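*Asks:* Attaching a predicted model along with its sequence, questions to come.
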Amino acid sequence: AALRPELDGAQVMELLGIPPGRDVGKAMEFLMEIRLEEGLIGTEAITERLRSWWAERR
């Protein structure tokens with residue numbers, strides 16, 4: 001099976017409170033980088049990383 005980010009697009013939109021669009025794509029790219037470099041790190045950790053990444057982009 002293909003490697004996938006730890007969270008899916010729906011989870012990203014819910015966690016960040018954003019609509020479908022380019023930001024979701026950027027978030028998925030970020031999550032995929034972590035998946036490739038670090039493997040599965042757990043829902044809590046990945047959620048925290050996603051939220052800080054998003055905060056830095058705002």
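*Replies:* That came through, no problem. Numbers count the residues shown, from 1 in each chain.
*Asks:* mind checking how far whichever strand or helix holds Leu15 is from the chain centre?
*Replies:* In this structure, Leu15 sits in helix 9-16 according to DSSP states H and E. Put simply, helix 9-16 sits 8 Å off its chain's centre (CA atoms, centre = their mean, to the nearest Å).
*Asks:* Excluding its own residues, what touches it? List them.
*Replies:* 7, 18-20, 23-24, 27-28, 31, 47, 50-51, 54 (CB atoms under 8 Å, 6 or more residues apart in numbering). (Each C-beta comes from the backbone N, C-alpha and C, glycine too.)
*Asks:* are any of those buried, and which?
*Replies:* Among the contacts of helix 9-16, those classed as buried by 16 or more other CB atoms under 10 Å are 7, 24, 27-28, 31, 50, 54.
*Asks:* Out of these, which sit inside strands?
*Replies:* Among the buried ones among the contacts of helix 9-16, no member is found in strands (DSSP state E).
*Asks:* about what we covered before: could you dump the contacts of helix 9-16 into a markdown table and include distance to Gly39 and pLDDT?
*Replies:* Formatted as a markdown table, those follow (distance: CB to CB, whole Å; pLDDT from 0 to 100):
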| residue | distance to Gly39 | pLDDT |
| --- | --- | --- |
| Leu7 | 14 | 98 |
| Ile18 | 26 | 98 |
| Pro19 | 30 | 98 |
| Pro20 | 27 | 98 |
| Asp23 | 25 | 98 |
| Val24 | 22 | 99 |
| Ala27 | 19 | 99 |
| Met28 | 17 | 99 |
| Leu31 | 12 | 99 |
| Thr47 | 16 | 98 |
| Leu50 | 16 | 99 |
| Arg51 | 20 | 99 |
| Trp54 | 22 | 99 |
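*Asks:* could you dump these to CSV with distance to Glu37?
*Replies:* Putting the contacts of helix 9-16 into CSV (distance: CB to CB, whole Å) gives the following:
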residue, distance to Glu37
Leu7, 16
Ile18, 24
Pro19, 28
Pro20, 26
Asp23, 21
Val24, 21
Ala27, 16
Met28, 15
Leu31, 11
Thr47, 17
Leu50, 15
Arg51, 19
Trp54, 19
